[in-house]
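K.L.:
Using only what follows, build the 3D model:
(2 chains)
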Amino acid sequence: MKTKKILHAPVIYEELNSLKAGDTIYLRGSIITARDAAHKRIFQLLQEGKPLPIELKDQVIYYAGPCPARPGLIIGSCGPTTSSRMDVYTPLLLEYGLKAMIGKGPRSAQVIESMIKHGAVYLAAVGGAGALIASCIKKVEIVAFEDLGPEAIYRMEVEDMPLVVAIDAKGNNLYEIGPRQFARI
Amino acid sequence: MLKTALNMPFQDNVSKQQPLPIIIHNRGVLLWILSKTLFISARWPLPYAKLHLYFPRKTARIYTINFNKSERRTAFPSCDFQKFLYLRHKIMKEIHVDKITDTVARLCIEACYNVGDDVKALLQKARQCETSPQGKNILDQLLENLRLAHELKLPICQDTGMAVVFLEIGQDVHIVGGDLYEAVHEGVRRGYTDGYLRKSVLSPITRINTGDNTPAVIHAEIVPGDKLKITVAPKGFGSENMSQLKMLKPSDGLEGIKKFILQTVIDAGGNPCPPIIVGVGIGGTMEKAAYMAKKALLRPASTHNPDPLVAQLEEEMLQAINNTGIGPQGLGGTVTALAVHIETYPTHIAGLPVAVNIQCHAARHSQAVL
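P.N.:
Below you'll find the predicted structure:
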């Protein structure tokens, strides 16, 4: 049976390396959000060799753009967005030390190859479970690109955010293994 | 009384195109107004082409006096009263744009905070049918998410979408007070701001956010009757991005249609947040197929097309899609789709358009009838 594990962010290598595709894990610690527009800017800054407004080494990036918070709450719904749109930018970010990504949906072959090379993992959050995930977020602040609105980079403190290891550091891919196991055609 | 009413536009700068509303309390007043308007219009050009007479006791009924300029010239000298001034007895319902704005705003919020009982029931059924442990875990999280969204007053998904607004306008409805489309956009603007919903709409060229989730995508249809039906369906783009349209060849036939629907779902994989609802439009022209696919998603989930042949195709495709093993979130399982809704329309001898619009489990739509 699958084991339930805790993963800390920024990552601890021992924990990271023990993750296997299919594991259910609970994430604790500090993560940063970035989606399409923020990735494009980070990618351009890295290519131009300019300094980044955020640290990438050992970080966990969450592909998400939250709803605005209603008074009395720190954040609105905050589920994952489709990761494959970030595929073109991801290998370069991994080169700069990114160790884990949280999103939904499969990744490209290049991303998986780069993940194996740099020992990174890809974690799946449940797409559409925006309210559930928002309830795991304890602290939020905007750290960069505020002008992008919902696409700005936020730093979040999360507690026991439920995730599934979709692609582990060895390249085992649950998006291939899982459906193959249940296909009836 | 009438004189002041007629002077109003010059003081208040009201558009001459707007009918002047006059409240009629009894038949005596009506006759008095008719005689006075006849008298005045014979001497001076009327500031209004139309007068609307409201009867407070019969609010649905509005009598319109139409002063037709060309008829006035020719008709009056011969004293042909019927031709000069005709009282049209209309059962035309008036709806003010402010009411439309308020309704759209309310529906935007309602749709994003609650998923229909139809979808909830299907998710619960899916939880019972799913055999994959991971799939069960995911469906549990989705059901828990619905509960939490309600409890914490949070949108069920952070992608509160682009607002797609369907208007079914009864042909006996008269919309007053301003621009109908602007009223809808204003409703979206207000709903997305007041409801703490995400503003996800931007320029396709500059990628600069409009800041208030406008404009909405508006589909208006004219239908019989005197009602206005408004349906707001916020569409998230995780699933919208996975939709496809193909102009098949007549030789591809039914087999080609099935293959294309299935392939679209397989290509989408885990991206559109399965379990999904699949909307399909078959036939018509390119845009008609796409429109039917989108509209099919408005049907209560899992109700079938009234045509038994199409209903059978829906059932068959649902089976085939759930046999792919994609499963909840694409991580493997037996429930990939909750329902398949197909709409058809006759098409050209040379063509076979098929559109597949994919909808995530957050199948949101709210409607109201005015």
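K.L.:
Now residue A:103: which helix or strand?
P.N.:
strand A:100-103 (DSSP states H and E).
K.L.:
Would you point out which residue is most central in chain B?
P.N.:
Geometric centre of chain B, nearest residue: residue B:166, 1.2 Å, by C-alpha atoms, centre = their mean.
K.L.:
Residue B:217 is in contact with that one, correct?
P.N.:
No: at 9.5 Å, residue B:166 does not count as touching residue B:217 under the criterion of C-beta atoms under 8 Å. C-beta coordinates here come from the backbone N, C-alpha and C atoms, glycine included.
K.L.:
can you pull out the helices in the chain?
P.N.:
In the absence of a named chain, chain A is used. In chain A, the helices defined using DSSP state H lie at A:13-17, A:36-47, A:90-95, A:109-118, A:130-134, A:174-182.
K.L.:
right idea, wrong chain: chain B
P.N.:
Along chain B, counting by DSSP H, helices occupy B:2-12, B:27-43, B:69-75, B:81-84, B:97-113, B:117-129, B:133-152, B:180-194, B:237-240, B:253-268, B:286-296, B:308-322.
K.L.:
Mind checking the ones you listed for the one nearest to chain A?
P.N.:
Smallest distance to chain A across the helices of chain B (C-beta to the nearest C-beta): 3.8 Å, for helix B:133-152.
K.L.:
from the chain's centre, how far out does the closest one sit?
P.N.:
Its chain's C-alpha centre lies 29 Å from the corresponding centre of helix B:133-152 when counted by C-alpha atoms, centre = their mean, to the nearest Å.
K.L.:
So that helix, near chain A or not?
P.N.:
Yes: interface with chain A: helix B:133-152 contributes B:133, B:134, B:137, B:138, B:141, B:142, B:144, B:145, B:146, B:148, B:149, B:152 (C-beta under 8 Å from any C-beta of the partner chain).
K.L.:
Output the residues you listed as JSON lines; include the columns neighbour count.
P.N.:
Formatted as JSON lines, the residues of helix B:133-152 next to chain A follow (neighbours: other C-beta atoms under 10 Å in any protein chain shown):
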{"residue": "B:133", "neighbour count": "14"}
{"residue": "B:134", "neighbour count": "23"}
{"residue": "B:137", "neighbour count": "18"}
{"residue": "B:138", "neighbour count": "32"}
{"residue": "B:141", "neighbour count": "19"}
{"residue": "B:142", "neighbour count": "25"}
{"residue": "B:144", "neighbour count": "16"}
{"residue": "B:145", "neighbour count": "28"}
{"residue": "B:146", "neighbour count": "22"}
{"residue": "B:148", "neighbour count": "21"}
{"residue": "B:149", "neighbour count": "25"}
{"residue": "B:152", "neighbour count": "16"}
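K.L.:
Spatially central residue (nearest the centroid) of chain A, please.
P.N.:
Closest-to-mean residue, chain A, C-alpha atoms, centre = their mean: residue A:102 / 2.1 Å.
K.L.:
for chain A, what are the nearby residues on the stretch 1-150 of chain B?
P.N.:
Proximity of the stretch 1-150 of chain B to chain A (C-beta under 8 Å from any C-beta) is limited to residues B:131-134, B:137-138, B:141-142, B:144-146, B:148-149.
K.L.:
if I look at the residue nearest to the centre of chain B, how far off is residue B:136?
P.N.:
Using C-beta to C-beta, to the nearest Å, we find residue B:166 at a distance of 35 Å from residue B:136.
K.L.:
and if you look at residue A:80?
P.N.:
Counting by C-beta to C-beta, the gap from residue A:80 to residue B:136 is 20 Å.
K.L.:
Check residue A:81 too.
P.N.:
Taking C-beta to C-beta, one finds residue A:81 at 24 Å from residue B:136.
K.L.:
Looking at the two, which one has more neighbours?
P.N.:
residue A:81 (25 against 18; other C-beta atoms under 10 Å in any protein chain shown).
K.L.:
Grab the nearest non-local neighbour of that one.
P.N.:
residue A:63 (4.9 Å; C-beta to C-beta, 6 or more residues apart in numbering or on different chains).
K.L.:
got a pLDDT number for that neighbour?
P.N.:
With respect to pLDDT, residue A:63 scores 96.
K.L.:
Test my guess that it contacts residue A:89.
P.N.:
No: when contacts are counted by C-beta under 8 Å, residue A:63 is not listed as touching residue A:89 (10.8 Å).
K.L.:
more crowded one of the two?
P.N.:
residue A:63 (25 against 20).
K.L.:
Contact partners for the more buried one?
P.N.:
A:33, A:34, A:35, A:80, A:81, A:82, A:83, A:86, A:101, A:102, A:103, A:104 (C-beta atoms under 8 Å, 6 or more residues apart in numbering or on different chains).
K.L.:
rerun at 7 Å
P.N.:
By C-beta atoms under 7 Å, 6 or more residues apart in numbering or on different chains, the contact list for residue A:63 reads A:34, A:35, A:80, A:81, A:83, A:86, A:101, A:102, A:103.
K.L.:
how far away is the first one from chain B?
P.N.:
Looking back up the chat, that one is residue A:34. Residue A:34 sits 15 Å away from chain B, going by C-beta to the nearest C-beta, to the nearest Å.
K.L.:
wait, that residue sits on residue A:153?
P.N.:
Yes: using C-beta atoms under 7 Å, residue A:34 is in contact with residue A:153, at 5.4 Å.
K.L.:
Give me the more crowded residue out of those two.
P.N.:
residue A:34 (29 against 24).
K.L.:
For that one, give me the pLDDT.
P.N.:
So residue A:34 comes in at 96 (pLDDT).
K.L.:
What residues sit buried inside stretch A:139-147?
P.N.:
Neighbour counts over stretch A:139-147 (16 or more other C-beta atoms under 10 Å in any protein chain shown) mark A:140, A:144, A:145 as buried.
K.L.:
again with stretch B:260-271
P.N.:
B:260, B:261, B:262, B:264, B:265, B:268, B:269, B:270, B:271.
K.L.:
again with stretch A:166-179
P.N.:
For stretch A:166-179, by 16+ other C-beta under 10 Å, it's A:166, A:167, A:168, A:169, A:172, A:173, A:174, A:175, A:178, A:179.
K.L.:
Can you get me the start-to-end distance on it?
P.N.:
End-to-end distance for stretch A:166-179: 12 Å, by C-alpha to C-alpha, to the nearest Å.
K.L.:
try stretch A:62-77
P.N.:
14 Å.
K.L.:
And that stretch, how far out from the chain middle?
P.N.:
17 Å.
K.L.:
quick check: longest strand of chain A.
P.N.:
In chain A, taking DSSP state E as the definition, the longest strand is strand A:153-167.
K.L.:
Counting neighbours, what do you get for the nearest residue to residue B:248 once chain neighbours are set aside?
P.N.:
Distances taken as C-beta to C-beta, 6+ apart place residue B:352 nearest to residue B:248, at 4.1 Å, with adjacent residues excluded. Counted with other C-beta under 10 Å, the neighbours of residue B:352 add up to 21.
K.L.:
Any buried residues in the longest strand of chain A, and which?
P.N.:
In strand A:153-167, counting by 16+ other C-beta under 10 Å, buried: A:153-158, A:161-167.
K.L.:
filter those by proximity to chain B?
P.N.:
A:162, A:164, A:166 (C-beta under 7 Å from any C-beta of the partner chain).
K.L.:
burial count for residue B:109?
P.N.:
21.
K.L.:
right, and it touches residue B:192 too?
P.N.:
No: using C-beta under 7 Å, residue B:109 makes no contact with residue B:192, being 8.5 Å away.
K.L.:
What are the neighbouring residues in contact with residue A:179?
P.N.:
Residue A:179 touches B:324, B:325, B:326, B:327, B:330, B:332, counting by C-beta under 7 Å, 6+ apart.
K.L.:
before we move on, what about residue A:155?
P.N.:
A:30, A:32, A:141, A:143.
K.L.:
Which residue is the nearest non-sequential neighbour of it?
P.N.:
Nearest to residue A:155 is residue A:143, by C-beta to C-beta, 6+ apart, at 4.8 Å.
K.L.:
my read: that neighbour touches residue A:156, true?
P.N.:
No: using C-beta under 7 Å, residue A:143 makes no contact with residue A:156, being 10.0 Å away.
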